[in-house]
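*Asks:* requesting a structural model of the entry that follows:
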Amino acid sequence: MGTSVAAQIAQIDGLRLAAVADPNAGNGVAALTAAGWAEGQWRQCEGAGEARGALEAGAAVLAPDAEVLESAPIDVLVEATGIPEVAARNAWNAMRQGHHVAMVTVEADVSCGWALAREARRQGVVYSLAAGDQPVAIMELFDWARALGLEIVAVGRGTRRYPADRHGDPERALARLGYDAEAGERLRLNAQMYNSFRDGSKAQIEMCAVSNMTGLPPDRRGMHEPSVGLDGLPDLLAPSGDGGLLENSGVVDLANGVGADGESELPENIADGVWAVVTSADGHIREDMQIHGTRVSADGRRMALFREYHLCGIETPLSIAQAALLGASSGHPHETPTSEVLAYAKRDLRPGDRLDGSGGRLVYGLIDRAEALAAEGVLPLGLSYGVTVREAVAADQPIPAGAVEVNDESFVAKLRSMAGEP
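*Replies:* Okay, the predicted model is just below:
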């Protein structure tokens, strides 16, 4: 996604990609090239002073890590590493240097985004989730509906999840998504990240981000995620008293574009898009909802708002511009989290196993209310990277925090527990 952001920045007057930080120099060069920087117009820099000098001289910078850019004359850091520990530290350090942050790494946001947003306010900068991914696209529907005084029944995104996907391995993820080895290499695809799309962890993570921005909880652990097309949204994602699935109104959920047979996609599904089911207490408004071309429930009480696409990195420059020019975020978490993503065992875990986080071979994530994680002592998904199992955990069971070795060096853990400085 970082390369897509770089390419799109080059299309917009008033924005310029100034620097790229990546330990893989090939990836960094690809991003600079996508942004229109020719060889000889950028410099590879290893130190902060060197990077600052290059930027002041009008050159772009390729750095091995974001630390090199902390004192550089830049406005906004786009964090797109996909690694919670790295992303949290990059964002924290950038804000301490007066830079705004557009967070693409939603895995970090659901792990400690409330602490990052708090620090942004302290530093007088913007911490924002990045436009283009589903959380901000959902937030746009939510804000629009709330501004009009409509009542939110449920908001969510689409998925395309088959029955066997929950336990899928990254080694087979790209093939399951239709990419051969050549395409994976050419497009520089991260197999573990793509596996998180198919095993469902990414959707759980993104809806946790939405929950923490809106204050809307999940209706139950993991949400309902029914197989449903656009026409069925306002009937199925509705209160149980009205014939729907929901025990509570005002929740986050998912709409699976794969049919109940587990084999074929539903016609007119919203697997790549976002949606909101809304209602109104006013009978006149409910009547109006039925005559303006949207999808309305059979009883005429709810309508579905939707957008059938999200454009990832193509839209991210909007968050960059909002932060730098308006001092505004596209969406950020509240002071305290509404929800968390709980780590679950993807297969039987044995002492000595080393957990590999979202999209890996050993772990997947499910959303629940934040108080459930605390009450049950479950390991947050964001702390399941590189930690060693010390007690057996059965497949498809939540991983107790006490069942893994504590990582005393975890920056995410420090942010989660901090009362002051980490």
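*Asks:* can you list the buried residues in the one helix or strand Leu373 maps to?
*Replies:* According to DSSP states H and E, Leu373 maps onto helix 370-376. For helix 370-376, the neighbour count (16 or more other CB atoms under 10 Å) marks Ala370, Ala372, Leu373 as buried. No exception for glycine: its C-beta is placed from N, CA and C like everyone else's.
*Asks:* what's the distance between the last one and Ala59?
*Replies:* Going back to what we said before, that points to Leu373. Computed as CB to CB, to the nearest Å, the Leu373 to Ala59 distance reads 46 Å.
*Asks:* for the second one, same thing?
*Replies:* Applying CB to CB, one obtains 51 Å for the distance of Ala372 from Ala59.
*Asks:* give me the most central residue, the protein.
*Replies:* Val106 (3.3 Å; CA atoms, centre = their mean).
*Asks:* low-confidence ranges, the stretch 301-422 of the chain, go.
*Replies:* 419-422 (pLDDT under 70).
*Asks:* now swap in the chain and tell me
*Replies:* 419-422.
*Asks:* could you list the domains of it?
*Replies:* As given by automatic domain parsing, the domain ranges for the chain are 2-133+313-326, 134-161+200-310, 339-417.
*Asks:* those domains: which one's closest to Ala173?
*Replies:* domain 339-417 (7.6 Å; CB to CB).
*Asks:* in the next helix or strand after the helix holding Leu373, what counts as buried?
*Replies:* Next helix or strand after helix 370-376 toward the C-terminus (DSSP H and E): strand 385-388. For strand 385-388, the neighbour count (16+ other CB under 10 Å) marks Tyr385, Val387 as buried.
*Asks:* okay, now the sheet partners of strand 385-388, with direction.
*Replies:* Sheet pairing for strand 385-388, assigned by DSSP bridges, gives strand 354-356 (antiparallel).
*Asks:* for the longest helix belonging to the chain, name the packing helices and strands.
*Replies:* When the chain is parsed with DSSP state H, its longest helix is helix 106-123. On a contact count with 3 or more CB pairs under 8 Å, 6 or more residues apart in numbering; DSSP states H and E, helix 106-123 meets helix 84-96, strand 100-103, strand 127-129, helix 201-214, strand 339-345, helix 411-417.
*Asks:* out of the ones you listed, flag the one nearest Val5.
*Replies:* That would be, of the helices and strands packed on helix 106-123 and by CB to CB, strand 100-103, which comes in at 8.6 Å.
*Asks:* okay, now Val29: neighbour count?
*Replies:* For Val29, the neighbour count with other CB atoms under 10 Å is 17.
*Asks:* now it: phi and psi?
*Replies:* phi -60, psi -40 (degrees, to the nearest 10).
*Asks:* quick one: contacts for the residue nearest to Leu245 when sequence neighbours are not counted?
*Replies:* Distances taken as CB to CB, 6 or more residues apart in numbering put His224 closest to Leu245, at 4.8 Å, once the chain neighbours are dropped. By CB atoms under 8 Å, 6 or more residues apart in numbering, the residues touching His224 are Leu237, Leu245, Leu246, Asp253, Leu254.
*Asks:* what do you get for Met303?
*Replies:* Pro234, Val277, Val278, Thr279, Met289, Gln290, Thr294, Arg295, Val296, Ser297.
*Asks:* tell me how far the helix or strand it falls within lies from the chain's centre.
*Replies:* Assigned by DSSP H and E, Met303 falls within strand 302-307. Centroid separation for strand 302-307 versus its chain: 22 Å, with CA atoms, centre = their mean, to the nearest Å.
*Asks:* strands paired with that strand, and their directions?
*Replies:* Going by DSSP bridges, the partners of strand 302-307 are strand 274-279 (antiparallel), strand 295-296 (antiparallel).
*Asks:* name the residue most distant from the centre of the protein?
*Replies:* Outermost in the chain, CA atoms, centre = their mean: His284 at 37.3 Å.
*Asks:* checking it next. Helix, strand or coil?
*Replies:* Counting by DSSP: H, G, I helix; E, B strand; the rest coil, the backbone at His284 sits in helix.
*Asks:* same thing with Leu233?
*Replies:* helix.
*Asks:* the closest residue to it other than its chain neighbours bridge partners, please.
*Replies:* Of all residues not flanking Leu233 in the chain, Ala304 sits nearest, at 4.1 Å (CB to CB, 6+ apart). Beta-bridge partners for Ala304, by DSSP bridges, are Val277, Arg295.
*Asks:* show me what contacts Ala304?
*Replies:* Counting by CB under 8 Å, 6+ apart, the residues that Ala304 touches are Leu230, Leu233, Pro234, Trp275, Ala276, Val277, Thr294, Arg295, Val296.
*Asks:* please look at the last one and Met289 and confirm they touch.
*Replies:* Translated: Val296. Yes - contact criterion CB atoms under 8 Å: Val296 and Met289 qualify, at 5.7 Å.
*Asks:* between these two, tell me which one has more neighbours.
*Replies:* Met289 (22 against 19).
*Asks:* go ahead and confirm that one touches Arg295.
*Replies:* No - if you go by CB under 8 Å, Met289 and Arg295 don't touch, sitting 9.8 Å apart.
*Asks:* please report how far the residue nearest to Leu233 lies from Val258.
*Replies:* 19 Å.
*Asks:* could you do Leu266 as well?
*Replies:* Taking CB to CB, one finds Leu266 at 7 Å from Val258.
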